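> Provide a 3D model corresponding to the input given below.
(one chain, ligands or ions: 1)
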Amino acid sequence: MIAIVARSENGVIGKDGGLPWRCKGDLQFFKRTTMDRKIVVGRTTFDGLPPLKGRDIYVLTRNRNASFENGTTIIQPDQVPADAIICGGATIYDLLLEHCEEVFVTTVKQEVEGDTFFNDQWLSGFSADKTIEETEAYSIVSYKRISA
Ligand SMILES: NC(=O)c1ccc[n+]([C@@H]2O[C@H](COP(=O)([O-])OP(=O)(O)OC[C@H]3O[C@@H](n4cnc5c(N)ncnc54)[C@H](OP(=O)(O)O)[C@@H]3O)[C@@H](O)[C@H]2O)c1
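As a prediction, the model looks like this:
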């Protein structure tokens, strides 16, 4: 299991159910990393997503009556596929990052206002592996689990 997350310099990951920045490079990285893969999101994040073609979407919700569009599967935390990419939001990272082997972290080089925050504890047990992209606007760094 791997995860992908983007944060601002001041640790924001979301605002009003969406992302409080426009970062084309990060969106392109998200697209190429998740294409043809299984992605796992919380229901709040799912509600804010545009249609994502070419990905199997697994949504975590406690609502037994929920139903989403075709191609979307409702799951509980113990049903997360081992080969999935964990895509947030904060409650889902809280729950599942400890099961991930690798995390891709984009830092958008802006300070923004938000209501959902990166938790430094999410990377406890990981160390920076390599810088995948570095531009004036953002950086993307992969973190790998420190083996015991
Ligand atoms: N920057 C990034 O990389 C990034 C990535 C993803 C999301 N985001 C942002 O993060 C924000 C949303 O994050 P969030 O933490 O508020 O919400 P979230 O994690 O996306 O979704 C929360 C919902 O997930 C379901 N859920 C949580 N724990 C569960 C469990 N143990 N079992 C079953 N279902 C469970 C519940 O849905 P029900 O209420 O339906 O039961 C809960 O309300 C948005 O602003 C979004 O844009 C940012």
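> show me which residues of the protein sit near the ligand.
Residues of the chain lying near the ligand by C-beta under 6 Å from any ligand atom: 5-6, 13-15, 17-19, 41-45, 48, 60-63, 76-77, 87-92, 95, 116. C-beta here means a position set from N, CA and C on the backbone, and glycine is covered the same way.
> so how do I select the buried members of these in ChimeraX?
Typed into ChimeraX, the line below selects the buried ones among the residues of the chain next to the ligand, using 16 or more other C-beta atoms under 10 Å:
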select :5,6,13,14,19,41,42,43,44,45,60,87,88,89,90,92,116
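> which ones among the residues of the chain next to the ligand are found in strands?
Mapping these onto strands (DSSP state E) picks out 5-6, 13-14, 41-42, 60, 116.
> and the lengthiest helix in the chain, what does it pack onto?
The single longest helix within the chain, with elements called by DSSP state H, is helix 24-34. Counting contacts by 3 or more C-beta pairs under 8 Å, 6 or more residues apart in numbering; DSSP states H and E, helix 24-34 packs against strand 2-8, strand 102-108, strand 126-134, strand 138-145.
> pick the most buried one from these.
Mean neighbours per residue, mean count of other C-beta atoms under 10 Å, is largest over the helices and strands packed on helix 24-34 for strand 2-8, with a mean of 21.
> state the distance from the spatially most central residue of the chain to residue 114.
By C-alpha atoms, centre = their mean, the chain has its centre lying nearest to residue 87, at 2.6 Å. Relative to residue 114, residue 87 is positioned 17 Å away (C-beta to C-beta, to the nearest Å).
> over to residue 144?
Distance from residue 144 to residue 114, by C-beta to C-beta: 27 Å.
> again, but for residue 83
Taking C-beta to C-beta, one finds residue 83 at 30 Å from residue 114.
> start and end of stretch 113-123, how far apart?
The straight-line separation of the ends of stretch 113-123 (C-alpha to C-alpha, to the nearest Å) is 22 Å.
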